[in-house]
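Enquirer: Just need the structure, nothing else, for what follows:
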Amino acid sequence: MSFCAQLREEAREIWDGWHQHPFIAGIRDGSLEREKFIYWIKQDYLYLQDYARIFALAGAKASRLEDMQSFARLMDGILNTEMSLHRSYCAQFGITAQELETLDKSPTCQGYTDFLVRTAALETVGVTVAALLPCIWGFYEIGTRLQEVGDTSPDNPYRDWIAMYSSAEFAQLSQWSKELMERYAREAGSGEREQMKKAFVISSKYEALFWEMAHTLEEWKY
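Expert: Model (predicted):
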């Protein structure tokens, strides 16, 4: 069994839960309230900026040119492929660039990005890759499943979302990430591999919390 398959099994219940979440169900059939989608777009826009920075930090710590190139490709894909979808939806919903620049992170978004930054700063590159993997791989899994069973007709306002995360371009980003994970796992000792699994599961939990955050329009209480 590949290391990525082991990771997927470690977080199986969490990942399976994503597909049943009301937010994803609303994307699938187009019934998701616009307010919740706009909330998600804004928070994910903030999240992806830090997510791309973590790839840059990992690339700076990498010892091989090949890995540095992989991290650079992934960062470019996040900034110029994935975030292009966010920018198009922002334009569609009348969200200005100035508005995006003045947004505050929700509690869940803040916690998730803080975890990623801490991991990149204090842990090995391999553990950092494991923490980054649930987002990019998980979105591709969600996108491909929605492409198979969801409403992709012009009547679904979220059909571009489904198309983006099931696209060949996003498949390549996911595959690059998994290849990096396998390479670092092969070189890691048993202790580091356990830390990789732990980081992967924590990020998987944050992914679940992120869907719930958008579904409930989470706010700071204090």
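Enquirer: quick one: secondary structure of the spatially closest residue to G30 that is not a sequence neighbour?
Expert: Closest residue in space to G30, ignoring its immediate chain neighbours: N156 at 3.7 Å, by Cβ to Cβ, 6 or more residues apart in numbering. For the C-beta atoms, the positions are set from N, CA and C on the backbone; glycine is no exception. Using DSSP: H, G, I helix; E, B strand; the rest coil, the three-state assignment for N156 comes out as coil.
Enquirer: what are the phi and psi values for N156?
Expert: Phi and psi for N156, reported as degrees, to the nearest 10, are phi -90, psi 110.
Enquirer: what about it, neighbour count?
Expert: Burial of N156 is recorded as 19 neighbouring residues (other Cβ atoms under 10 Å).
Enquirer: tell me the centre residue of this structure?
Expert: Centroid-nearest residue in the chain, with Cα atoms, centre = their mean: C135, separated by 2.5 Å.
Enquirer: residues contacting L48?
Expert: I78, L79, E82, M83, H86 (Cβ atoms under 8 Å, 6 or more residues apart in numbering).
Enquirer: A25 and G150: what is the separation?
Expert: Here the distance between A25 and G150 works out to 9 Å (Cβ to Cβ, to the nearest Å).
Enquirer: Looking at these two, which is more packed in?
Expert: When neighbours are counted by other Cβ under 10 Å, G150 comes out ahead of the other of A25 and G150, with 22 against 15.
Enquirer: Check the residue lying closest to that one once chain neighbours are set aside and give its pLDDT.
Expert: Leaving aside its chain neighbours, G150 sits nearest to R28 (4.0 Å; criterion: Cβ to Cβ, 6+ apart). Each residue has a pLDDT score; the one for R28 is 97.
Enquirer: Thought E148 was touching R28, still the case?
Expert: No - the pair R28 and E148 does not pass the contact test of Cβ atoms under 8 Å, sitting 10.3 Å apart.
Enquirer: of these two, who's got more company?
Expert: R28 (20 against 10).
Enquirer: Now for that one: which residues touch it?
Expert: L146, V149, G150, D151.
Enquirer: just curious, which of those is nearest to A56?
Expert: When the contacts of R28 are compared for distance to A56 (Cβ to Cβ), L146 wins out at 29.8 Å.
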